[in-house]
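Colleague: Okay, here's the prediction I keep looking at, along with the sequence it came from:
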Amino acid sequence: MLKNRLAKAAMSDSLGDGAGRPTARQSRLYERWSQGGLGLSIVGEVQTRPDFPEKPGNLVLQDGTPPAPFQDLTRKGTVNGTHLWPQLGHAGALAFAPLSNLAGPSALDLPGLKCRELSVAEIQEIPGEFAAAAALAKSYGFTGIEIHAAHGFLLSQFLSPLFNRRSDAYGGSAGARARLVLEVIAAVRDAVGPAFPIGIKINATDYLEGGVTTTEALSLIDALDASAIDLIDTSGGTYFPGAKAASDGRAKGAYFRDFTRAAK
């Protein structure tokens, strides 16, 4: 249980050592935030595999990861009773191109964005990758995890009809496009057990013509409510080339407040 409602949302701090491990500088930063009285602090952009990073400085949780740097991060980041969660993600078609063979739900060839299509076999490996990363997070002392399904990264790409043009079981209707997200949640829950907190970050809107609408996002809320999710973190926008952000004058103050009220 969180000691208060003060939470630091996930941010891509890129303070890893370049090989997927936390640095002393990063651990100290999260220690200071914990000492400041946060109830929850989320480490942004922690990847489930090294070949689809958002940036080179992302952390990576996979088999063979040395535990000591992560244990130092979790020990310092949880002082003062703060929860520390990694935001588990896979950047997919929006991965850092020099380190990735860009891939997403469907092949795209657009200005500023070109990627291949993931095979069904590749897609079916993804829930297990998230589950393995979540189990490692738990063993290293993190007190929960957040699944990143927002901002145009891989799980968000599957939810979006703009990215996801598949005609198999993972594309088409909103329910089919949500299939992978729900499979990831189920696999993670099986890996960490019934009491370990699982959150998810989703878009209220993509701010893209042909992307996820608020109506579709609310239908996803219904599906998440029936899943093993404990916390839903609402956001919006994508890193699709040229896309606008919520802060570009579309809303003021507490972004997505109306959506969150409707979702609740």
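Modeller: Perfect, I can see it now. Residues are numbered from 1 along each chain as shown.
Colleague: what's near enough to touch the spatially most central residue of the chain?
Modeller: Centroid-nearest residue in the chain, with Cα atoms, centre = their mean: residue 148, separated by 1.2 Å. Residues in contact with residue 148 (Cβ atoms under 8 Å, 6 or more residues apart in numbering) are 10, 45, 87, 88, 89, 90, 155, 156, 201. Every residue, glycine included, has its C-beta placed from N, CA and C.
Colleague: got a list of what the fifth one touches?
Modeller: In this case it means residue 89. 45, 46, 47, 48, 54, 147, 148, 153, 154, 155.
Colleague: now it, which residues is it bridged with?
Modeller: Assessed by DSSP bridges, residue 89 has beta-bridge partners residue 47.
Colleague: Next one: the residue nearest to the residue nearest to the centre of the chain when sequence neighbours are not counted from residue 75, what distance?
Modeller: The shortest distance from residue 148 to any non-neighbouring residue, by Cβ to Cβ, 6 or more residues apart in numbering, is to residue 89 (3.5 Å). Distance, residue 89 to residue 75, using Cβ to Cβ, to the nearest Å: 23 Å.
Colleague: what secondary structure does residue 14 sit in?
Modeller: Counting by DSSP: H, G, I helix; E, B strand; the rest coil, the backbone at residue 14 sits in coil.
Colleague: Against which helices or strands is the helix ranked longest in the chain packed?
Modeller: Looking across the chain with DSSP state H, the single longest helix is helix 120-139. When contacts are defined as 3 or more Cβ pairs under 8 Å, 6 or more residues apart in numbering; DSSP states H and E, helix 120-139 sits against strand 83-89, strand 145-149, helix 179-192.
Colleague: any residues touching it, and which ones?
Modeller: Here helix 120-139 has contacts from 46, 48-49, 61-63, 65, 67, 70, 85-86, 88, 90, 103, 145, 147, 154, 168, 170, 180, 183-184, 186-188, 190-192, 196, 198, using Cβ under 8 Å, 6+ apart.
Colleague: Confirm residue 172 sits in a strand?
Modeller: No. Residue 172 is assigned coil when assessed by three-state DSSP, not a strand.
Colleague: which ones are touching it?
Modeller: Residue 172 sits next to residue 166 when contact means Cβ under 8 Å, 6+ apart.
Colleague: at 10 Å what do you get?
Modeller: Applying Cβ atoms under 10 Å, 6 or more residues apart in numbering, we find residue 172 in contact with 161, 164, 165, 166, 179.
Colleague: And the furthest pair within the residues you listed?
Modeller: Largest separation among those by Cβ to Cβ: 165 and 179, giving 15.0 Å.
Colleague: Looking at those two now, which is surrounded by more residues?
Modeller: Set side by side, residue 165 and residue 179 show more neighbours around residue 179, with 19 against 15, by other Cβ atoms under 10 Å.
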